[in-house]
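> fold the following.
(one chain, ligands or ions: 1)
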Amino acid sequence: MDQFVIKGGSRLRGEVRISGAKNSTLPIMAASLLADGQSTIRGVPELADVRNMAELLGDLGAAVSQTGDGQFQIRPEDETACHARYDRVRKMRASICVLGPLLAKRKKARVAMPGGCAIGSRPVNLHLRGLRALGAEIDLDGGDIVVKAKKLTGAEIFLGGPFGSTVLGTANVMMAATLAEGTTVIESAACEPEIQDLADYLNAMGARIRGAGTPRLLIDGVDELRGAEHQIIPDRIEAGTFMIAAAMSNGEVKLSNVRTDHMMAVTDKLREIGVTIEATDGGVVVCSARRLEPTDVTTQPYPGFPTDLQAQLTALLCLADGNSAITEKIFPDRFMHVAELLRMGANIRKEGPTAIVTGVKRLVGAPVMASDLRASAALVLAGLIARGATAVSRVYHIDRGYEHIEVKLRSLGADIQRVSGS
Ligand code: EPU
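Numbers count the residues shown, from 1 in each chain. I've put the predicted structure just below:
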């Protein structure tokens, strides 16, 4: 297994281009199963999760080809295959988003029930509730979710759960409803930009979706969808991670391909902490004051502060001048990075779903272990500013969601090497 070896202390300087959003790409690739014909998706990041999704679509009878520069062509061919097996779903929970398209287009699907993961228990009950409301029969058989329907009919569906809206649940139900008979209303829909991006793609395919980006989605069913061309939006989580890296290293970094309108909660919080973020020609320039202010932050569904940047912000607040409180309201157990940051000299106390961080003068390099994608990113950020060397093991977690992160960081002056392991 590869690891990253990082020698801390370099100030990051220069320019980096943000990749296409992983969490747009995965459901959009799955949505291509709904089309009669070929779709072309542009701006697809080179990630392990994308390769997994491409292989899954191949298992499901789609021809998937890549023409370089982040372009994918996807054409459903054999519509008899309907099984997303456990060995795929286990590697990537986002495999669940083939459920809606398969049900709508092929009238049946068998998708392994995803288990828990390092960020906590992640049920899919809301996905299933929504599909049932459209007329699907749902069973559990041998660890697989088995759904079928003679036909899907539009319905009024409330998709809110104990932690608010569900992103992939909204994606699944919205995709299924595109081919249902009549109109579907989804209340408490996720408002994330990735849902808007998916709706834009579906509409380009001929779907009739209104209200994307708001909690109320209206979907008029159509008889068929055609292949379409689509450009993936920039990854707001990768952009936020590089903003935090610039701030922690007291550097000056220009990010291009950024949608700051998707990042208001992030830029607002970073400015409060003392980070300067200025729009320039085609991007933003990020630099920081020497003194970082402590803050309180609570993760929330969009447009609130994203859970996917909670670990990275925790690493930043380890350097702030005082006490900060970070409350996780989406995945209350998503704190695997805390124990590893403690190994690097951080001062963090957990109280239920809150981490109380007391800033320290410096972090100290140590061998640490990545547990999930965003926790790993936080450890890399900590390593960049720690005194001495940090070895982050199990970086396959990072490769799932950050395109060539070590290459990008090196281009900004970081001393980070990938060391291949057995
Ligand atoms: N939930 C339910 N029932 C459901 C579905 C979700 O109770 O049927 C709960 C979850 O347990 C959680 C909350 O609702 O407490 C929100 O989960 P959501 O369904 O929105 O998460 P997701 O759609 O499975 C996506 C991203 C995650 C991101 C979350 C929250 C993708 C591929 N994944 O997951 O991204 O953390 O939304 O924003 O889009 C990541 O990129 O590192 C990542 C984990």
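
> got the CA coordinates for the strand or helix carrying T390 in CSV?
Take DSSP states H and E as the rule and T390 turns out to sit in strand 389-393. Presented in CSV, the C-alpha positions along strand 389-393 are these (Å, rounded to 0.1, in the frame of the first residue of the first chain):
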residue,chain,number,x,y,z
ALA,A,389,8.5,14.2,8.6
THR,A,390,5.0,12.8,8.4
ALA,A,391,4.2,9.4,6.8
VAL,A,392,0.5,9.1,5.9
SER,A,393,-0.2,5.4,5.2
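
> could you number the chain from 866 rather than 1 from now on?
Taking 866 as the first residue, the last one we looked at is strand 1254-1258.

> so what touches it?
866, 868-873, 1209, 1230-1235, 1241, 1244-1245, 1247-1248, 1263, 1284, 1286 (Cβ atoms under 8 Å, 6 or more residues apart in numbering). Heads up, the C-betas are built off the backbone N, CA and C, glycines and all.

> in helices, which of those fall?
In helices, defined here by DSSP state H, the members of the contacts of strand 1254-1258 are S1241, L1244, V1245, A1247, G1248, I1263.

> buried among the residues you listed? Make that a ChimeraX selection.
A single ChimeraX command selects the buried members of those (16 or more other Cβ atoms under 10 Å):
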select :1241,1244,1245,1247,1248,1263
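
> and this structure, which of its residues are near the ligand?
Within reach of the ligand by Cβ under 6 Å from any ligand atom, the chain has these residues: 888, 891, 959, 987-992, 1026-1028, 1031-1034, 1172-1173, 1195-1196, 1238-1239, 1266.

> off-centre distance for stretch 1113-1125?
Relative to its chain's centre, stretch 1113-1125 lies at 19 Å (Cα atoms, centre = their mean, to the nearest Å).

> contacts for it?
In this structure, residues lying in contact with stretch 1113-1125 by Cβ under 8 Å, 6+ apart are 875-884, 1058, 1098-1099, 1101, 1104, 1107-1108, 1110-1111, 1132, 1142, 1144-1145, 1147-1153, 1155, 1180-1181, 1184, 1246, 1249-1250, 1277-1279.

> before we move on, back to that, and the strand holding T1255, what's buried?
Counting neighbours by 16+ other Cβ under 10 Å, strand 1254-1258 gives T1255, A1256, V1257, S1258 as buried.

> return the set of residues that bridge with the last one.
Looking back up the chat, that one is S1258. In this structure, S1258 bridges to Q868, M1234 when assessed by DSSP bridges.

> and the gap between it and G1078?
39 Å (Cβ to Cβ, to the nearest Å).

> would you map the helices across the stretch 1066-1215 of the chain?
When secondary structure is read from DSSP state H, counting those that start in this stretch, the stretch 1066-1215 of the chain shows helices at 1101-1113, 1129-1138, 1175-1182, 1201-1208.

> for the stretch 866-1015 of the chain, which segments count as strands?
The residue ranges that make up the strands of the stretch 866-1015 of the chain, judged by DSSP state E, counting those that start in this stretch, are 868-872, 878-882, 900-901, 904-907, 927-931, 937-941, 948-949, 973-977, 1002-1006, 1009-1013.

> my bad, should have said the stretch 1066-1215 of the chain
Using DSSP E, counting those that start in this stretch, strands in the stretch 1066-1215 of the chain cover 1073-1075, 1081-1085, 1090-1091, 1094-1096, 1117-1121, 1140-1145, 1148-1153, 1161-1163, 1188-1192, 1212-1216.

> tabulate those strands (a markdown table), appending mean neighbour count.
Compiled in a markdown table, the strands of the stretch 1066-1215 of the chain are given as follows (neighbours: other Cβ atoms under 10 Å):
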| stretch | mean neighbour count |
| --- | --- |
| strand 1073-1075 | 16 |
| strand 1081-1085 | 19 |
| strand 1090-1091 | 20 |
| strand 1094-1096 | 18 |
| strand 1117-1121 | 20 |
| strand 1140-1145 | 15 |
| strand 1148-1153 | 21 |
| strand 1161-1163 | 17 |
| strand 1188-1192 | 19 |
| strand 1212-1216 | 13 |
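
> between these, which one is closest to R940.
Smallest distance to R940 across the strands of the stretch 1066-1215 of the chain (Cβ to Cβ): 11.4 Å, for strand 1090-1091.

> what's the closest one packed up against?
Helices and strands touching strand 1090-1091, as assessed by 3 or more Cβ pairs under 8 Å, 6 or more residues apart in numbering; DSSP states H and E, comprise strand 900-901.

> just the closest of the buried residues of strand 1254-1258 to M978, please.
Comparing these against M978 with Cβ to Cβ places S1258 closest, at 29.3 Å.

> distance check, that closest one against the ligand.
Applying Cβ to the nearest ligand atom, to the nearest Å, one obtains 19 Å for the distance of S1258 from the ligand.

> for the residue of the chain most remote from its centre, give its distance to the ligand.
Here the chain has its C-alpha centre computed as a mean, and the residue farthest from that point, by Cα atoms, centre = their mean, is K1015 with 33.1 Å. To the ligand, K1015 is 24 Å away according to Cβ to the nearest ligand atom.

> S1236 against M1201, yeah?
Yes. With contact defined as Cβ atoms under 8 Å, S1236 and M1201 form a contacting pair (3.8 Å).

> any shared contact partners between these two?
With Cβ under 8 Å, 6+ apart applied, the overlap between the contact sets of S1236 and M1201 consists of A983.

> ok, and the closest non-adjacent residue to V1229?
The shortest distance from V1229 to any residue other than its chain neighbours is 4.4 Å, reached at G1210 (Cβ to Cβ, 6 or more residues apart in numbering).
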